[in-house]
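*Asks:* Quick one, fold the following:
(chains A, B, C, D, E, F, G and H)
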8 protein chains.
Amino acid sequence: MNIKNILIEVEKGRISAEDALSKINADKTEDLGFVKIDHARKQRCGFPEVVYGENKTPQQIKLILNELFAKNGYALATRVSSIAYDEIKNEIKNAEYDELSSTLMLGCYPDYVPSTKEIVVVAAGTSDIGVAQEAVISAKYARAKVTSIFDVGVAGIHRLFESLEVLENAGAIIAVAGMEGALPSVIGGLVSCPVIAVPTSVGYGASFGGIAALLGMLNSCASGIGVVNIDNGFGAGILAARIVLGKDNNE
Amino acid sequence: MNIKNILIEVEKGRISAEDALSKINADKTEDLGFVKIDHARKQRCGFPEVVYGENKTPQQIKLILNELFAKNGYALATRVSSIAYDEIKNEIKNAEYDELSSTLMLGCYPDYVPSTKEIVVVAAGTSDIGVAQEAVISAKYARAKVTSIFDVGVAGIHRLFESLEVLENAGAIIAVAGMEGALPSVIGGLVSCPVIAVPTSVGYGASFGGIAALLGMLNSCASGIGVVNIDNGFGAGILAARIVLGKDNNE
Amino acid sequence: MNIKNILIEVEKGRISAEDALSKINADKTEDLGFVKIDHARKQRCGFPEVVYGENKTPQQIKLILNELFAKNGYALATRVSSIAYDEIKNEIKNAEYDELSSTLMLGCYPDYVPSTKEIVVVAAGTSDIGVAQEAVISAKYARAKVTSIFDVGVAGIHRLFESLEVLENAGAIIAVAGMEGALPSVIGGLVSCPVIAVPTSVGYGASFGGIAALLGMLNSCASGIGVVNIDNGFGAGILAARIVLGKDNNE
Amino acid sequence: MNIKNILIEVEKGRISAEDALSKINADKTEDLGFVKIDHARKQRCGFPEVVYGENKTPQQIKLILNELFAKNGYALATRVSSIAYDEIKNEIKNAEYDELSSTLMLGCYPDYVPSTKEIVVVAAGTSDIGVAQEAVISAKYARAKVTSIFDVGVAGIHRLFESLEVLENAGAIIAVAGMEGALPSVIGGLVSCPVIAVPTSVGYGASFGGIAALLGMLNSCASGIGVVNIDNGFGAGILAARIVLGKDNNE
Amino acid sequence: MNIKNILIEVEKGRISAEDALSKINADKTEDLGFVKIDHARKQRCGFPEVVYGENKTPQQIKLILNELFAKNGYALATRVSSIAYDEIKNEIKNAEYDELSSTLMLGCYPDYVPSTKEIVVVAAGTSDIGVAQEAVISAKYARAKVTSIFDVGVAGIHRLFESLEVLENAGAIIAVAGMEGALPSVIGGLVSCPVIAVPTSVGYGASFGGIAALLGMLNSCASGIGVVNIDNGFGAGILAARIVLGKDNNE
Amino acid sequence: MNIKNILIEVEKGRISAEDALSKINADKTEDLGFVKIDHARKQRCGFPEVVYGENKTPQQIKLILNELFAKNGYALATRVSSIAYDEIKNEIKNAEYDELSSTLMLGCYPDYVPSTKEIVVVAAGTSDIGVAQEAVISAKYARAKVTSIFDVGVAGIHRLFESLEVLENAGAIIAVAGMEGALPSVIGGLVSCPVIAVPTSVGYGASFGGIAALLGMLNSCASGIGVVNIDNGFGAGILAARIVLGKDNNE
Amino acid sequence: MNIKNILIEVEKGRISAEDALSKINADKTEDLGFVKIDHARKQRCGFPEVVYGENKTPQQIKLILNELFAKNGYALATRVSSIAYDEIKNEIKNAEYDELSSTLMLGCYPDYVPSTKEIVVVAAGTSDIGVAQEAVISAKYARAKVTSIFDVGVAGIHRLFESLEVLENAGAIIAVAGMEGALPSVIGGLVSCPVIAVPTSVGYGASFGGIAALLGMLNSCASGIGVVNIDNGFGAGILAARIVLGKDNNE
Amino acid sequence: MNIKNILIEVEKGRISAEDALSKINADKTEDLGFVKIDHARKQRCGFPEVVYGENKTPQQIKLILNELFAKNGYALATRVSSIAYDEIKNEIKNAEYDELSSTLMLGCYPDYVPSTKEIVVVAAGTSDIGVAQEAVISAKYARAKVTSIFDVGVAGIHRLFESLEVLENAGAIIAVAGMEGALPSVIGGLVSCPVIAVPTSVGYGASFGGIAALLGMLNSCASGIGVVNIDNGFGAGILAARIVLGKDNNE
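*Replies:* The predicted structure is shown next:
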């Protein structure tokens, strides 16, 4: 959005007003009819747009992925059902589908940014692994290095302490938990890096599809915890990557 | 409710049908106009009725307390504001008012039941102490022995482990916590006795007056936890006493 | 967690620091990749870990059950659908599947702890029986003796009074009810033992999947009632067993 | 709304179209500026409009009451605070203020309709009496005969059975309860007359200002119960009166 | 529950204490294992128990219906899916299944109680007819006379006024509406008989499965309206029948 | 509802009272049994009744559509599933089914009202297009001119600015968005025409089926925004048409 | 935001790039430290910024009002408590304070825009008048002509019909109602102009501070209704003014 | 928690088992009776404990602050009312009270950590400044450098663009907003650094004390946003400091 530079170009007579206006608006959006691809996002936010697959047809997912792949050399879609994947798997090359997290990756992950600290993704229970895995893949997509530790819920808290050293050395921790969602509170009191809490919809009855875990995390007695939406592994992965990388790495 | 014995008395001609009917209904309830005192509760439930002071006038509290004191030798009212207490303190003898928990005790606590295990009341934060203290007093009123440990929230979890031995030897644990209410989950995974979880209204924003803590406790990943209403120290104390004493002790 | 004894062993030169550290962490957790089995739970909490089947694949359930069975001689999984059971029934020996409660038991129940009082499980309606049965099986798994009384809702309250004597002699009562959930309130006023209230999701409209019953039980005008999550028969069974057994029986 | 008769009058030339239009609209509403008094309500609904005092100034209450009193010979306002009453008590004649229910009555109650059955108002706890009393007064205002029984909550259910005969003979029962609101369910299963359930805001924590009681009553396992708004003693009294009186009595 | 008379029998030596006890408890409940049929309900409440079919197997429904039919000569089940009906239709005689309301009737309706006023069932929209029909059948089952008026929502309010005379002559009105549920408020201001409001789950988005309609009805600015649970046509029908019949008619 | 004119006719003896009464009630409603078609709606509200298809059978939809088509020359049904459409497509002529928005149109749209400003329908994401399309079709049905702009969510806000000129010239803007629903707030601060906000159920977790978007729109910091129900494209289209057309155009 | 014209100026060398940038950003915002006054709003949205007084100190309100008055010749603040007004009334000239709606007007209202239709503000009850009055004043501030009709709730629906002609001629109707909020539904079915529904917090119990009315209005069975936030008379007034005026009038 | 090193010390005979145990537990917690000060927190989490003043007496606040000040040379308390401050201001030295944010600082802020990027705190409205200021002070307390931009809500979105360059260069952005809480969504789409969203309780009606803003932020269509509790400026400040500093800086 370097409007000042464009104005100087106009002032110096190097480009016309008409061209300047195009330049201001152009190269940002590509219109596929049902979607306007935001190609400027990588420049603005540090990584290319990711396709949210939930309400899109397999063909729509395929089209946008291909478009992004052509532009960037890799592309990612989340919430792609195995049924949707089956329909398009023969039409996309270089694709890797992860059933656990319902993510679909085109091309290789970009290289890790060297000399940044690792992200540690911690999941409380076996059922939380799918969401945790979405976080792992999303963070790797944004060029971060990721480690994961699963099934360390607070009801058997010694399991968490066994991994204490890994936690203490993390650049950012993503704590994924359903039910009462107490894991981020315990971790938050043990480390000094930022903690991202991801409530999951795992539970029943008064868990209300993840509300109990969400409220638990928002009200944590530990300070310095940022919460994302229920089951939002993607958002947590991106936020963690933004934290460990910093802007300069995105050039 | 020994209706069979009464019927036998009638059959043997020892009492009339009219008297039998009175006997069935009598001695259970005393009518003060605005209240029917349930004198049979001690026999049925193991401890005399306790006065819930919140919506009663000071005079009403005084009247019922005196009535219960005359019958049992001791009496307890909860949720008595200091203003209410000031108004009646000159008119009641043998009274002890605890400002922290807003409870008013008439007469001495009954003797502890010997050879029962202790109840341990644990509070997560300084602000939870009032509710915890209501639990302590209520349990003592029901003839239980009580110890308390305050300010051991999960954000500094080593504070809890310092008291691990006391917790492991308890007959029942009352865990009092506001905010995310994670304390009972952690304790529940460390001990084998029953754990009673008391959510408090301590917190702000999305704690919604204790709902976050309540939901956290209901969805605990630790098993064997019973939850009471928000701020209900009284109910927790009575339930813990029922647990450690058993029925036979109430004769 | 006998860290003191381990330290003495080190001090006396009997074991090395390295071994001591292993000893502190070891023997507690077994890692199957997707799950860390908490073998120390029986020692800490009095009964082996129980498999929560809801979000696990049949193969995962089978693997964990076998592992627990090998260690303890018996094992239990709850929320196992009949479809999941069909898939694994030929691969597990000594298994008994209870369709009503969706529980799967491997091996025989451990012996009852002698000389403890019975748990009485009471269900308000025919539709609440599945949850009640989960409570029965869970309590038996934790070595308690259990009796059950079904279909005694408060709209025909004489049905409850017919069982009054059984209720008065219980060591703990589990009251299971959907809709308005009034059953624990009525029972709580009739007995002196602890009452565990289990709201069920039975109902429609403003029952909101069990919220009405849950709120009713949390706000009971009877004192000494502990509430568990909606449909959580398992948690109620374990809590009741913790109550009637006491810690000493778990050695 | 006898539009047909008015049309016949026009047809027969007895009245002009202009007059007919006035006749259709007139005599129904009186405009005091801030309020349009609905004088036709007595004819349509069987009793004169009642003033809801909550958001009105004392002067507004006084003006409307006087207007209604002049028209009907008696008038009622609910939710009149004692402060509001103090401000106007010297300016209204024949007024009786009931502090318990915050109602203000002008003139005498109209005569009971003879040969109708009694309404029985039952309150679960001492704190519910204010709402119950509002029901009593409202029903009497609508010409019904009323009896009341207070403090018969389900935690001491024998207190309710002591009044069983009165309940069985009622023309309609109003059951007032806060907390878990179980009273109407128990009563509904014991009688054959209509039961009106009034949840009150009595309680704390998860009672959510009466929501727990409201949900309990809406989900009652007893059939034939109609529920009114939280603390709405007035509405219950009017509904009960409509039930016992029937339309014919309103002529 | 004529305990006094039984006591007199004992006193006079006509029956033994043992027999008296049996007499008090007997003839009320029939135990089919999964259900205790409450045969005393007709005497207590004026109509035989009705089977709530939602969580019962077709075989359970059939068994209870047959039991009730044998005792009373007619029997009713609500919320019987057409699939359940298909499974048992060859095994039950005299059955009539109403698909619209999912009710299953055995035998003929009992005769109307003569000289009582009619119940008028009014439904706001086409989609509300199923619930309305459940009310119609339930009321007829309880011996009341019923008329119905469908599709008269407030957005075309002249449709309601066309039926004003029928409404004004009703003994009780059942107003069934989803969406904003305004119909009972408008009707309540036009008539003097009791109005029973039935919110339905018809609607979408912020109707929240009927909550919007339920709240609208509870907060009606018209007085004298009793509300039942969402989609509870059955409860409304029974309540209306209780209103128009009175107890004496049920002998 | 020109009752005055009818009265004058009666007064002048031109029509009888009986006829007048018919005239007042007639021509407004057509009774198909399960539905009363409100033919007077076009006169009162400016466009013919639209069929809400969600809870109607395909046959019911067909019948009402045909009735409306016969009367007005065009007819519209919303929320018609493709399954329902398949069942009736051979029985209705001149029908056009739009799968995206599940709408079914009979006959041609009526002519645009000339010289009125355009409605601009803006959708935040690809998944919101279905609801947006329902708004487009509904507004055209009510004779308005409509333009649409899709996929301009606030996370790439430059996409919105590219269409600023179109927005500034609109007669009314319909802003459709799920998730956080921020689009109407941003638009509301950029234009001077009325903005209609349509929350959609697009999202997951704490979006609660559109509640998050609904609340966001109701609390917009921009002034002059009217909100409709979640996913209510139809209502938004009609409201926008009412705005740009004005009453006079409906004659 | 005429960026194209500015670019042309640069291109023609009439202004420098630096000046162009200033021009783009300038004249829009005035920084008072605690607030950035949005002077461009009148040009963008058709009326000057209005001060929301609720969380501002009297001095802040005064400062911003004076600033806006100096720029535009008139200024408005809403939600100014009488206490706040008392503190600043001697320091502001030309001020008129309306206690009913808590609004504070500086200078005269701008002239009505001639030849536009009137806005009609309708309030259901006496207690809704304050919110209705806020709508009246806000609409007049935005240069619209306004009429108001108070106390025409649906429980006495004839009162509404008395004003039918005024409603039918309105350019836009604002319907203000608390409790069940049914008024807009009834009006929406009677007229063809846009209807703006304003729920108020008037009510008690299950009205939940206006939620019942809000939901009722969002779920209205009448089409073409736009809803604003609870008690948001201001927003309704501005929206209605936007509707009747159109953009062209704002130049 | 360097348990390994302590074990080696024991092994080497340098310290006794008893001393080792003390060492493990000691130096972490200081017991003031009502509170256990967590002195180990600075080492674990990077900054000393902060006093949450809301439910503490002025004397309690003073005692803990002094204790922390003595240990660390500076100390901070949040949510200290001006009344509480007045009571203790003469007893604490080096104190600075910030009325806007209700924070109380003892001693000077610690030095900024050099060469880290700035935190930018952005507030949407004037009323959000108090919460924003709490974030500013908390972040500075944790040694971060902070800039703030106030009153840049999305309804006048050009105000935000004026500060775009500052936002693009931030190390972390804290976006504070009430009402619909759209600000973080717009910012999240413009920058590549982590964004922390703070919902505030500013708003009325359907803002529900900040729930609307909270939900808006959790459902943001921009990715990489972490949300904290309503009004939790403190938590946001600490999280932002954790992000820009990294662990190594805390030694």
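
*Asks:* Spell out the residue ranges of the strands in the stretch 51-200 of chain A.
*Replies:* A:51-52, A:75-78, A:95-98, A:103-106, A:119-123, A:146-150, A:172-177, A:195-199 (DSSP state E, counting those that start in this stretch).

*Asks:* Give the bridge partners for the closest residue to residue A:148 other than its chain neighbours, please.
*Replies:* Residue nearest to residue A:148 in three dimensions, not counting chain neighbours: residue A:121, with 4.3 Å by C-beta to C-beta, 6 or more residues apart in numbering or on different chains. For glycine as for every other residue, the C-beta is placed from the backbone atoms N, C-alpha and C. Beta-bridge pairing for residue A:121 (DSSP bridges): residue A:148, residue A:174.

*Asks:* mind listing what residue A:121 touches?
*Replies:* Neighbour list for residue A:121: A:132, A:135-136, A:139, A:146-149, A:173-174, A:176 [criterion: C-beta atoms under 8 Å, 6 or more residues apart in numbering or on different chains].

*Asks:* coming back round to it: ranking the strands of the stretch 51-200 of chain A by burial, who's on top?
*Replies:* Comparing the strands of the stretch 51-200 of chain A by mean neighbour count (mean count of other C-beta atoms under 10 Å in any protein chain shown), strand A:195-199 comes out on top with a mean of 33.

*Asks:* Tell me how many other residues crowd the closest residue to chain H within chain A.
*Replies:* Closest contact between chain A and chain H, by C-beta to the nearest C-beta, is at residue A:226 (2.3 Å). Neighbours of residue A:226 under the rule other C-beta atoms under 10 Å in any protein chain shown: 29.

*Asks:* That one sits in which helix or strand?
*Replies:* Using DSSP states H and E, residue A:226 maps to strand A:225-227.

*Asks:* Give me the average confidence score over that strand.
*Replies:* Average pLDDT, strand A:225-227: 97.

*Asks:* tell me how far it is from the chain's mean position?
*Replies:* Between the centre of strand A:225-227 and the centre of its chain there are 15 Å (C-alpha atoms, centre = their mean, to the nearest Å).

*Asks:* Equivalent analysis for stretch A:233-246, please.
*Replies:* 6 Å.

*Asks:* how does chain A divide up, domain by domain?
*Replies:* Using automatic domain parsing, the domain parsing of chain A gives A:1-31, A:41-107, A:119-250.

*Asks:* most packed of these?
*Replies:* It is domain A:119-250: most buried of the domains of chain A by mean count of other C-beta under 10 Å, with a mean of 26.

*Asks:* So what's the gap between that domain and the chain middle?
*Replies:* The answer for domain A:119-250 is 13 Å, by C-alpha atoms, centre = their mean.

*Asks:* Point out the residues in the stretch 151-251 of chain A that sit beside chain H.
*Replies:* Within the stretch 151-251 of chain A, the positions adjacent to chain H are A:164, A:168-169, A:171, A:188-194, A:196, A:214, A:218-219, A:223-230, A:234-235, A:238-239, A:241-243, A:246-247, A:250 by C-beta under 8 Å from any C-beta of the partner chain.

*Asks:* Then the stretch 1-150 of chain A?
*Replies:* A:1, A:41, A:44-46, A:50, A:117.

*Asks:* Any chance of CSV for those, columns secondary structure and distance to chain E?
*Replies:* Formatted as CSV, those follow (DSSP: H, G, I helix; E, B strand; the rest coil; distance: C-beta to the nearest C-beta, whole Å):
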residue, secondary structure, distance to chain E
A:1, coil, 37
A:41, helix, 31
A:44, helix, 34
A:45, helix, 32
A:46, coil, 36
A:50, coil, 28
A:117, coil, 45
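
*Asks:* can you pull up the bridge partners for the closest residue to the residue of chain A closest to chain H other than its chain neighbours?
*Replies:* Once flanking residues are discounted, residue A:226 sits nearest to residue H:226: 2.3 Å by C-beta to C-beta, 6+ apart. For residue H:226, the beta-bridge assignment (DSSP bridges) gives partners residue H:196.

*Asks:* per-residue pLDDT, the residue of the stretch 1-150 of chain A found nearest chain C?
*Replies:* Per C-beta to the nearest C-beta, residue A:127 is where the stretch 1-150 of chain A lies closest to chain C, at 3.5 Å. pLDDT for residue A:127: 90.

*Asks:* Let me see the contact set for it.
*Replies:* Applying C-beta under 8 Å, 6+ apart, we find residue A:127 in contact with A:178, A:200, A:202, C:54-56.

*Asks:* what residue ranges in the stretch 101-250 of chain A score low on pLDDT?
*Replies:* Residues of the stretch 101-250 of chain A that meet the criterion pLDDT under 70 lie in A:247-250.

*Asks:* contacting residues for whichever residue of it sits closest to chain E?
*Replies:* Using C-beta to the nearest C-beta, residue A:208 is the residue of the stretch 101-250 of chain A that sits closest to chain E, at 13.7 Å. Residue A:208 sits next to residue B:215 when contact means C-beta under 8 Å, 6+ apart.

*Asks:* And residue A:105, by the same measure?
*Replies:* Contacts of residue A:105 by C-beta under 8 Å, 6+ apart are A:74-76, A:95-98, A:137, A:141.

*Asks:* what do you get for residue A:108?
*Replies:* Residue A:108 neighbours (C-beta under 8 Å, 6+ apart): A:74, A:94.

*Asks:* Could you report the separation of it from residue A:94?
*Replies:* Between residue A:108 and residue A:94 the computed distance is 8 Å (C-beta to C-beta, to the nearest Å).

*Asks:* Residue A:75 too?
*Replies:* For residue A:75, the distance to residue A:94 - C-beta to C-beta - is 9 Å.

*Asks:* and the residue of the stretch 101-250 of chain A closest to chain E, helix, strand or coil?
*Replies:* Put simply, residue A:208 is helix when judged by DSSP: H, G, I helix; E, B strand; the rest coil.

*Asks:* Looking at chain A, which helix is longest?
*Replies:* For chain A, the helix reaching the highest residue count under DSSP state H is reported as helix A:58-72.

*Asks:* Which elements pack onto that one?
*Replies:* Here helix A:58-72 touches strand A:36-38, strand A:51-52, strand A:75-78, helix A:82-88, strand A:103-106, going by 3 or more C-beta pairs under 8 Å, 6 or more residues apart in numbering or on different chains; DSSP states H and E.

*Asks:* residues from the stretch 51-200 of chain A in reach of chain F?
*Replies:* Neighbours of chain F within the stretch 51-200 of chain A, by C-beta under 8 Å from any C-beta: A:54-56, A:60, A:199.

*Asks:* I appreciate the help and will end here.
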